[in-house]
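Asks: Fold the following, please.
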Amino acid sequence: MYDESKRFAESATHSYITTHNLNGSIARIFNTYGPNMQIDDGRVVTNFIYQALKGKEITIYGNGEQTRSFSYIEDTLDGILKIIHHEESDVFNIGNDNEVTIKYLAEKIIELTNSNSKIVYHELPINDPKQRKPDLTKAKELLNYKPKTSLEDGLKLTIDWISANYK
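Replies: Numbers count the residues shown, from 1 in each chain. Have a look, this model is predicted:
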């Protein structure tokens, strides 16, 4: 359902741009994280950080080998601003093409939080994608877009913010 709603929104936006002869682009945003996230937003980064900071078990669905790419908020915003200033209508993927396993993410967060949390595995939900990695070729070529923040540096900043704001 989520994928269908995104396709519908893109189609409606494209139709509006075409019908009214406007210059407008579409940003496809991939897995953004960083400070100011809600701790209970259901996203994997905040879930893992919260669980690790509280010493709870880190819950991974599936075997943890599914991959994701995570984009730090400043890099995502940089891409969006580049799209806004682009002079032609187009569709761009914005995110980070550094792909990691969910298990690696959990282990890295445990390490960065100095947590004693253990990883537990639960059944993978139906239709959970095995891989999520944006193709940034067009954004790199036409917008000179390149994510700058490493996953580790972005996680440190996010962990620090969550630690300071959620006791």
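Asks: Which residue, neighbours along the chain excluded, lies closest to the residue nearest to the spatial centre of the chain?
Replies: Centroid-nearest residue in the chain, with Cα atoms, centre = their mean: Asn31, separated by 1.2 Å. The shortest distance from Asn31 to any non-neighbouring residue, by Cβ to Cβ, 6 or more residues apart in numbering, is to Phe70 (4.9 Å). Glycine gets a C-beta too; all of them are placed from N, C-alpha and C.
Asks: Nearest spatial neighbour of Glu74, chain-adjacent residues omitted?
Replies: Closest to Glu74 by Cβ to Cβ, 6+ apart is Thr149, at 6.3 Å.
Asks: Where does that neighbour fall, secondary structure wise?
Replies: Secondary structure assignment for Thr149, by DSSP states H and E: no helix or strand.
Asks: which residues touch it?
Replies: When contacts are counted by Cβ atoms under 8 Å, 6 or more residues apart in numbering, Thr149 touches 72, 74-75.
Asks: Phi and psi next, for Asn98.
Replies: Main-chain torsions, Asn98, degrees, to the nearest 10: phi -80, psi 110.
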